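Peer 1: structure for the following, please:
(2 chains)
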There are 2 protein chains.
Amino acid sequence: MASSILSDCSSCATSRLLPLRRALHPPTPRFRPSPGPAPLPRRPLLAAATPLPLLPRARRMAALAAAASSADPATVLADASAKIIDGKLVAKQIREEVGVEIARMKDAIGVVPGLAVILVGSRKDSQTYVRNKKRACDAVGIKSYEVNLPEDASEYEVIKHIATFNDDPSVHGILVQLPLPRHMNDENILNAVSIEKDVDGFHPVNIGRLAMQGRDPFFVPCTPKGCMELLHRSGVEIKGKRAVVIGRSNIVGTPAALLLQKANATVSIVHSKTKNPEEITRQADIIIAAVGVANLVRGSWIKPGAAIIDVGINPVDDPASPRGYRLVGDVCFEEASKVAGAITPVPGGVGPMTIAMLLSNTLDSAKRIHKFK
Amino acid sequence: MASSILSDCSSCATSRLLPLRRALHPPTPRFRPSPGPAPLPRRPLLAAATPLPLLPRARRMAALAAAASSADPATVLADASAKIIDGKLVAKQIREEVGVEIARMKDAIGVVPGLAVILVGSRKDSQTYVRNKKRACDAVGIKSYEVNLPEDASEYEVIKHIATFNDDPSVHGILVQLPLPRHMNDENILNAVSIEKDVDGFHPVNIGRLAMQGRDPFFVPCTPKGCMELLHRSGVEIKGKRAVVIGRSNIVGTPAALLLQKANATVSIVHSKTKNPEEITRQADIIIAAVGVANLVRGSWIKPGAAIIDVGINPVDDPASPRGYRLVGDVCFEEASKVAGAITPVPGGVGPMTIAMLLSNTLDSAKRIHKFK
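Peer 2: Down below sits the predicted model:
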């Protein structure tokens, strides 16, 4: 019976990576899955004939209870002990807090934060993200500015628009939607954004200041900042804890590791060249998985009670779904949630936090520029 | 008998930290030694009545052989198996290579690299370091420029001199001798150095680029670069290996960890808030110790065969020495050299590499500015 769950999480070998992933989390080096993780001990009483939905705790618990209606309830509880970290809820709280602060600033000094987004080309997914960001800005009272350039625009044109926004006092944050067309050099373009308006936090000065003791970045990249916020708001202690970050992309893994280190965790970074990643991961009190490989982290990789933040959003084939696929994380939720102390679901975990943190960074920028406390 | 060695390495509790250390390796957060490392197994045949000298392999082996003249030779070999990484020799080789390249560049395009050093105040140790740097420059054909400012100089004055050197085409590297007087803000001053001439590699942009995938810093900080060079030239494989960096200073620990990570090691950073540092360190194939605590890393912390780079230079009381103290590393050499596969001595390990790397960075800068290959 448990094998149906195992085979669900074993689907990484057949996972279908859709363009969606690239836009949500730009390409990270592919992780080479270890040669077959050790199988989990069989769990005789968990009668899940169909894969369990990856959903908030209440529904998952209900499903588990239904699936195990003839089972010993104690076993069912032991099988689903992790606290589910509800990213949707936390992101909503943050958006509300940002909205309140924006209203306070507007009342006090008449300033409204402004966020400029530059979109090059006509990728459907990028257009969706830009639209979502605009909506999120509207909802909290951030004024958004948008520039749409054709796919064949030149690097010079993009940089010219960035320069205009750099000089515009009503713009406090500038964001270039990634990925950029292939003929453009991301580095040249991202470096053109003034570090005081780099709300994405991708500028090397921001990353350098994040890495250094006694320095603080102007902005922390949104997704890793969201991971930390989820840990903090879930009451997970970080100082003195062992933390493992899986993946070392510039956008998530590396800054997440630097943030955990700044918060005084003892950090190890696991990547595609790591031998026995499960051995290292099993020592961690905190795991941030950001590698883009569906269900890579199995239950056997996890120390009992660990807190798990799953950044991966990987579409895998699912004939039962109307879309033909469904989204899963880098962590095998079904297995991990039985071992971990706390875990984010996918979707509904880190995903909603990224935009919330972008709003928060834009507010912070406006406050800093206008010296508003 | 082994107890005399143990008590030698146990002297960290009474170590006397002289100003020397501060200048060599500016203050790093103090490491709280773990509550008593596990004692090493007794080694019945190592009859070292006096502490062994911290010296190149040949002399150490001779001392060991003499000490164990009545012992089973196999045991003696087993007790001293580490290859000694001779930093003096490697630094000499590098200085020679730099000298050859400088001569080639001068012949080809008539350019001589220039290094400017700014010294504020009259600390004896800083004066000594500046003098040593000047001598080393002279020896390889780098033209050195020096500015000496009084202790009460203003930040503005220092920055004005930096600006002059930034604009001077005959200067390819600028170095501000640390520590600066207390009334100055290190960050403001170091940030004033053009990143193209920041041969110390301390600018956040350099650290950021070091941290990021697909980016390279203009310069790598000299001491961590020296550590990597020692590993490379000793034939230590880094890719896929477990590495632990002890200490996370901006000057050594943090950039060393970033360099190991760039070289595809799986890196963990151990620091003052780490619980059970010996447990993590014992998993490492490569250890870089840069924490400034005499003899912190004991034999029991080390995985057999590991490569150890000891950055610490800590003076400890030694009534037997004419100076009343002697220098030891962060690693208990006597114990570690019996377990490790390779180890740097203190002194004579990493120390000589720092200036060699400064010369190398200055040469690289001149080559880059003049597009000389």
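Peer 1: now the strands for the stretch 151-300 of chain A?
Peer 2: A:173-176, A:242-246, A:266-270, A:286-289 (DSSP state E, counting those that start in this stretch).
Peer 1: closest to B:Ser170 out of those strands?
Peer 2: strand A:173-176 (38.3 Å; C-beta to C-beta). To be clear about C-beta, it is placed using only N, CA and C from the backbone, and glycine gets the same treatment.
Peer 1: out of the strands of the stretch 151-300 of chain A, flag the one nearest A:Ala211.
Peer 2: strand A:266-270 (11.6 Å).
Peer 1: could you give the mean pLDDT of that closest one?
Peer 2: Strand A:266-270 carries an average pLDDT of 98.
Peer 1: what packs against that strand?
Peer 2: Secondary-structure packing of strand A:266-270 (3 or more C-beta pairs under 8 Å, 6 or more residues apart in numbering or on different chains; DSSP states H and E): strand A:242-246, helix A:253-262, helix A:277-281, strand B:266-270.
Peer 1: turn the ones you listed into JSON lines, including mean neighbour count and distance to B:Glu97.
Peer 2: Below are the helices and strands packed on strand A:266-270 laid out as JSON lines (neighbours: other C-beta atoms under 10 Å in any protein chain shown; distance: least, C-beta to C-beta, whole Å):
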{"stretch": "strand A:242-246", "mean neighbour count": "29", "distance to B:Glu97": "37"}
{"stretch": "helix A:253-262", "mean neighbour count": "26", "distance to B:Glu97": "32"}
{"stretch": "helix A:277-281", "mean neighbour count": "21", "distance to B:Glu97": "37"}
{"stretch": "strand B:266-270", "mean neighbour count": "28", "distance to B:Glu97": "28"}
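Peer 1: dump the ones you listed to JSON lines, plus distance to B:Ala289.
Peer 2: Below are the helices and strands packed on strand A:266-270 laid out as JSON lines (distance: least, C-beta to C-beta, whole Å):
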{"stretch": "strand A:242-246", "distance to B:Ala289": "19"}
{"stretch": "helix A:253-262", "distance to B:Ala289": "18"}
{"stretch": "helix A:277-281", "distance to B:Ala289": "20"}
{"stretch": "strand B:266-270", "distance to B:Ala289": "9"}
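Peer 1: which residue packs closest to A:Leu149, ignoring adjacent ones?
Peer 2: A:Val120 (4.6 Å; C-beta to C-beta, 6 or more residues apart in numbering or on different chains).
Peer 1: look up how far A:Ile355 lies from that neighbour.
Peer 2: 20 Å (C-beta to C-beta, to the nearest Å).
Peer 1: also A:Ile162?
Peer 2: 21 Å.
Peer 1: the closest residue to chain B within the stretch 51-200 of chain A: what's it in contact with?
Peer 2: Nearest residue of the stretch 51-200 of chain A to chain B: A:Glu187, at 7.0 Å (C-beta to the nearest C-beta). When contacts are counted by C-beta atoms under 8 Å, 6 or more residues apart in numbering or on different chains, A:Glu187 touches B:214-215.
Peer 1: ok so, going back, tell me, how many neighbours does the residue nearest to A:Leu149 end up with?
Peer 2: 25 (other C-beta atoms under 10 Å in any protein chain shown).
Peer 1: tell me the confidence at the residue of the stretch 51-200 of chain A closest to chain B?
Peer 2: For A:Glu187, the predicted pLDDT is 90.
Peer 1: would you mind listing what in the stretch 101-250 of chain A touches chain B?
Peer 2: A:187, A:203-215, A:239-240, A:242, A:248-250 (C-beta under 8 Å from any C-beta of the partner chain).
Peer 1: filter those to the buried ones?
Peer 2: A:203-212, A:242, A:248-250 (16 or more other C-beta atoms under 10 Å in any protein chain shown).
Peer 1: helices - which of those land there?
Peer 2: Counting by DSSP state H, these place A:204-211 in helices.
Peer 1: rewinding a little: just the buried ones among the residues of the stretch 101-250 of chain A next to chain B now: which is nearest A:Ile313?
Peer 2: Using C-beta to C-beta, those come closest to A:Ile313 at A:Ser249, 13.5 Å.
Peer 1: near chain B, which residues of the stretch 251-373 of chain A show up?
Peer 2: Looking at chain B, the residues of the stretch 251-373 of chain A close enough under C-beta under 8 Å from any C-beta are A:254, A:258, A:261, A:264-271, A:273-275, A:280.
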